[in-house]
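*Asks:* Structure for this input, please:
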Amino acid sequence: MAWLAALLLAGCAPKPEQPSPADIQAARRAAVEFELRLKREITGRLEREEDPVAVYMSYADHTPDWGREISNELELNFSRTALGVRNPANAPDAWESRQLEMFNFYMDAGLDPDTFEIAEIVQEGEETVFRWMQPVRMMDTCLTCHGEKIDPRIKLLLAQEYPLDEAAGYAEGQIGGAYSVRKVLRVKDQPAPPWTPIPAPQTPLADQRLPGDAPLVAPVATPSAEAPQQ
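*Replies:* The predicted model follows:
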């Protein structure tokens, strides 16, 4: 009868706290807002066949601030992460790593990654935290900087700025990472303190950089015009 006692005890155990629909909607909104900015400022420019180096520089300079602005607007921590990151500051924590591995497992099993989403309430030390993740798939335009064939000028920039880069070599359709949201709900079972806005970064924008602020990119040789006939 031991199995019956275990079953009764399991039935009496408190159910895990479920995320609120409002927090899930806010997390989804954060991802959608980032996607809209990415489409307008980055992928749209690549689709118009603008210089990929100029687009990359815009991406590197502006996307961190997009995450900060979205976080402050929605009063949650919005970020992007992956199992193999370009910037070590974006490395996943233990919870994020587990979800990313599960996303890859589900995709390998033939499930549709566009349906993947995880939302949980977890205990992290003294903090009760809402966690949410949604995978990001590699589109053709993403491969400009994350694929197997990257413009040599961008490769030079990546080697200078991210010598430990692990975010290249992807193919279209693969899971390249995920959007991640973290929101503290309670601290020691007391309501979380008011949101403290994330300050603006100190890195100058691309059009404000001085000659020594940004890595140099070797110029692309252009054929010279033939001298006119005399």
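*Asks:* which parts of the longest helix seen in the chain are buried?
*Replies:* In the chain, taking DSSP state H as the definition, the longest helix is helix 52-74. The neighbour-count check on helix 52-74 (16 or more other Cβ atoms under 10 Å) flags 52-53, 55-61, 63-64, 66-72, 74 as buried. In this view, the C-beta of every residue, glycine as well, is placed from N, C-alpha and C.
*Asks:* Could you list every helix and strand in contact with that helix?
*Replies:* Under the contact criterion of 3 or more Cβ pairs under 8 Å, 6 or more residues apart in numbering; DSSP states H and E, helix 52-74 touches helix 21-38, helix 44-47, strand 77-81, helix 143-146, helix 152-161.
*Asks:* now these in TSV, with mean neighbour count, distance to Ala91 and mean pLDDT?
*Replies:* TSV is the format used below for the helices and strands packed on helix 52-74 (neighbours: other Cβ atoms under 10 Å; distance: least, Cβ to Cβ, whole Å; pLDDT from 0 to 100):
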stretch	mean neighbour count	distance to Ala91	mean pLDDT
helix 21-38	16	19	97
helix 44-47	16	26	89
strand 77-81	21	7	97
helix 143-146	22	16	92
helix 152-161	15	16	91
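*Asks:* Nearest to Thr115 among the ones you listed would be which one?
*Replies:* Checking these against Thr115 by Cβ to Cβ gives helix 21-38 as the closest, at 13.2 Å.
*Asks:* C-alpha coordinates for the closest one, PDB please?
*Replies:* Taking C-alpha atoms only, helix 21-38 is exported to PDB below (Å, rounded to 0.1, in the frame of the first residue of the first chain):
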ATOM      1  CA  PRO A  21      -1.300  36.100 -17.700                       C
ATOM      2  CA  ALA A  22      -0.300  39.800 -17.400                       C
ATOM      3  CA  ASP A  23       3.400  38.900 -16.900                       C
ATOM      4  CA  ILE A  24       3.300  36.500 -19.800                       C
ATOM      5  CA  GLN A  25       1.700  39.100 -22.100                       C
ATOM      6  CA  ALA A  26       4.300  41.700 -21.000                       C
ATOM      7  CA  ALA A  27       7.100  39.200 -21.900                       C
ATOM      8  CA  ARG A  28       5.600  38.500 -25.300                       C
ATOM      9  CA  ARG A  29       5.200  42.200 -25.900                       C
ATOM     10  CA  ALA A  30       8.900  42.800 -25.100                       C
ATOM     11  CA  ALA A  31       9.900  40.200 -27.700                       C
ATOM     12  CA  VAL A  32       7.600  41.700 -30.300                       C
ATOM     13  CA  GLU A  33       8.900  45.200 -29.700                       C
ATOM     14  CA  PHE A  34      12.400  44.100 -30.100                       C
ATOM     15  CA  GLU A  35      11.500  42.100 -33.300                       C
ATOM     16  CA  LEU A  36       9.900  45.200 -34.800                       C
ATOM     17  CA  ARG A  37      12.900  47.400 -34.100                       C
ATOM     18  CA  LEU A  38      15.200  44.700 -35.500                       C
END
